[in-house]
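In: Below is the structure, and that's it, no one-letter string:
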């Protein structure tokens, strides 16, 4: 009895300390998220200097909290004394973060956070002013830092391989190459067929004035359809749409309104809304622990692209969306049918901007970035040569001449944030989503539900398969759970082929 | 030579460590300011729980950074080795903060921060729903915590005396009583004279539709007049207007737009703009040290009320303001003259809301709060009895019946934030400002300058006398520097008497 009691008290103490450490780490994540969100949405343009100083200190403090002998010892004790699956998962995830982060010298870790704080506003300005030269020195430092960090994680290994694995655990360059080859083999002939004998799509109504007040109301309506409650979800505006969670009960989405394009904002909100739904539905038992938050970038993008494309651009959901659009934009859509809107928002058309790309050409945008960020990290492409390399790939894959860097290699925020190795996740996410929807359709009549604006059965299924688990399961387990079996990109290519064959009457 | 070199290196090391500690403290202040600003301006209504958890951890970490044996030893070393006036001031100010904060047990300090994070959204909701009972338990905890904290600072001393001194160093209850007696003796007869034989003021144009877009443009215009650059200053919206600085290069103001009242927002922006000017003009050499930021609440309010009232409500400045108002609100002001606007925004009229009070009745609003917060802290008034006591004082001092708590004791955020003992600073600030303007007018023709919208000479003088110094001088020194001599409330009462005698042709 005495031993048992002692044992239980001891275990409780290690659990208590483990939870306290996680809550501390959470607080720094919260602070850094709040600071980033502010910086991206409202902060005055010349406020970056003091923000960078603060973020350097806070990142360093968070690093020191995690990486120290006490934490190492605590993780060992707690691993041996874990009482339930959740505690075991907390130890596993913390240990993984510890192993990863402990390899980077503390000063370099904090300096990188500071570098990114400086880099983001410079990128914002550079994009606005079409001035790649202003951004280049920051990107050079980011690439150099990421290459150096890769060596800490896996000395001698291909730096891009290291980063792929960090964003999507287990993913290799060989897998990516094969995956993109599969996509290319399906997409290129489809695009050629559409160009050669696709039925024309009406697009004359797209470029007109779409009043911003009505666009904002449209955002509110679709957030309500997704079930994102204003009590817990805020929609703000930023240069580049994104989603961030302060905690499970406070999820922030952003969008970017364009006066002459209603669908850019609409599909940004639907996309970010998918991210937000995932974050909002993680098991509350994981609050303030390392188990909360989406698991990998690919899984996160699978949810955003599922809600943006598989639901949002489906023929069925257009039956629900069209009356809302007609109500909010009666003059703009006076002569435009439901079918015409559906075909227009799905038209496949090579364009310059990834975030506005259709489902078919989207993967080509990702391939360009995949190949270029791989070359940057492998050291075979100099930052100074990036614009020319970018423009060459857009000519090769999309047949387009890039008029300037603002519409070229400056368009995305990812590299300015230090994210090199992230882009393949978008394409992988689309493929996960295709397979998940296929599998769920075997027991659900989604078309009828979506036409009626009823997302609940879909949300319930995704919650059970993926959302609720947060980081409490390994990514491989979650991918299989979401897809309903071993991952197979054929679902994605079949989806694209069937959808575009029908849409263009090929 | 060897000793000198050693000495200099050693001193440099203590300076380096002192600066590093201050930058760490700065980072936590930055994070907490960013989190608070977010909470007051955009955060979703049901997001407080996770914010409170994060703030508790961050406050505790900040506390632990400052209060420990290493810091105590560093302060001693640095005090002995200070090389210049700035370093000596940094040590002095840090030592003062250390002495103050070290008296509160760390857990109580963090718990109070968390309590306030919970209390603010409850107050916001309670005010909206006119539900004092919902807020009362939080106010009870706040009063109890502030009473307990006062005992840590000065055991056995009157808790209100302790808190007065913390907001305005050196201020006593006896001084406050005397100060408010002086004000009462001047204000009460003036108000009676106005009521009995003041020339009527035209007010028919005040309550009409003032379009929000034009109100927002007005805010931008007056911020430009004050010289608050959008590159460094953001104007946001919140329930209760306030100003906060993330750092000197990033100052945030908030306002609250009312569709039927253009002057509420206008004078909020002018008021908060005064706070912001002070923060923006502190010596950049003090960035990331404890010397940056305004010195005391009274000095801060002196600047906000100087720009709101002494400039913003002056007859001279109305010559500059009126054409702007006419341009933005042509229909609303079609039949209203410059003189009529000036008289209307200066009319003395007992009202329920402090932030909308005129200069004459304002001090009466402060007196109510002064007496009630004193009684709360002294334990002679229970929180449950606050609404009745509030309403009784409003009847006695302002002759008004308070219809509900939303327009009564729930109107101000201060107590919900834990600020009890702050209110007298507003009245003191007005008195400092009156004396400063009197003194500066001896060499400056402010009337001509302000009529032309030229604030630069005033700003230069205030910068030299007060702003640039931050916390590098003691408050007593700063008050004397600002006022141009020993503080004398007679300037304030004379200003009120002359202004209202002329305005009402008494």
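Out: Okay, I see it. Since the model is a prediction, treat every value here as computed from it, not as a measurement.
In: Let me see the ranges of the helices in the stretch 351-500 of chain A.
Out: Taking DSSP state H, counting those that start in this stretch as the test, the helices found in the stretch 351-500 of chain A are A:359-378, A:386-398, A:424-441, A:446-451, A:456-465, A:475-483, A:490-503.
In: of the ones you listed, which approaches chain B most closely?
Out: helix A:456-465 (19.4 Å; CB to the nearest CB). Any C-beta I mention is one placed from the backbone N, CA and C, and that applies to glycine too.
In: outside of that closest one, which residues touch it?
Out: By CB atoms under 8 Å, 6 or more residues apart in numbering or on different chains, the residues outside helix A:456-465 that reach it are A:227, A:277-278, A:281, A:303, A:306, A:311, A:436, A:440, A:444, A:446, A:449-450, A:481-482, A:484.
In: now stretch A:116-132
Out: In contact with stretch A:116-132 (CB under 8 Å, 6+ apart) are residues A:39-40, A:45, A:48, A:51-52, A:55-56, A:134-135, A:138-139, A:141-142, A:239, A:386-387, A:404-406, A:409-411, A:413, A:416-418.
In: One more: stretch A:362-382?
Out: A:143, A:146-147, A:150, A:158-160, A:163, A:173, A:176, A:180, A:183-184, A:187, A:350, A:354, A:357, A:383, A:386, A:389-390, A:393-394, A:397-398, A:409, A:412, A:414-415, A:420-421, A:423-424, A:426-427, A:430.
In: quick revisit: mind putting the helices of the stretch 351-500 of chain A into JSON lines with mean neighbour count, mean pLDDT and distance to residue A:287?
Out: Shown next, in JSON lines, are the helices of the stretch 351-500 of chain A (neighbours: other CB atoms under 10 Å in any protein chain shown; pLDDT from 0 to 100; distance: least, CB to CB, whole Å):
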{"stretch": "helix A:359-378", "mean neighbour count": "22", "mean pLDDT": "96", "distance to residue A:287": "34"}
{"stretch": "helix A:386-398", "mean neighbour count": "18", "mean pLDDT": "96", "distance to residue A:287": "41"}
{"stretch": "helix A:424-441", "mean neighbour count": "23", "mean pLDDT": "96", "distance to residue A:287": "25"}
{"stretch": "helix A:446-451", "mean neighbour count": "17", "mean pLDDT": "98", "distance to residue A:287": "30"}
{"stretch": "helix A:456-465", "mean neighbour count": "17", "mean pLDDT": "98", "distance to residue A:287": "16"}
{"stretch": "helix A:475-483", "mean neighbour count": "19", "mean pLDDT": "96", "distance to residue A:287": "19"}
{"stretch": "helix A:490-503", "mean neighbour count": "18", "mean pLDDT": "96", "distance to residue A:287": "34"}
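In: Out of those helices, which gets nearest to residue A:81?
Out: helix A:475-483 (23.9 Å; CB to CB).
In: on contacts alone, who are the packing partners of the closest one?
Out: Packing partners of helix A:475-483 (3 or more CB pairs under 8 Å, 6 or more residues apart in numbering or on different chains; DSSP states H and E): helix A:297-305, helix A:424-441, helix A:456-465.
In: Next, format those helices as a markdown table and append distance to residue A:72.
Out: Formatted as a markdown table, the helices and strands packed on helix A:475-483 follow (distance: least, CB to CB, whole Å):
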| stretch | distance to residue A:72 |
| --- | --- |
| helix A:297-305 | 28 |
| helix A:424-441 | 31 |
| helix A:456-465 | 35 |
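In: between those helices, which one is nearest to residue A:216?
Out: Nearest of the helices and strands packed on helix A:475-483 (CB to CB): helix A:297-305, 20.7 Å.
In: Any idea how far the closest one is from the middle of the chain?
Out: Distance of helix A:297-305 from its chain centroid, counting by CA atoms, centre = their mean, to the nearest Å, is 6 Å.
In: Likewise for stretch A:356-368?
Out: That offset, for stretch A:356-368, works out to 15 Å (CA atoms, centre = their mean).
In: what does stretch A:30-41 give?
Out: Distance of stretch A:30-41 from its chain centroid, counting by CA atoms, centre = their mean, is 17 Å.
In: So that stretch, near chain B or not?
Out: Yes. Applying CB under 8 Å from any CB of the partner chain, one finds stretch A:30-41 in contact with chain B at A:30, A:31, A:34, A:35, A:37, A:38.
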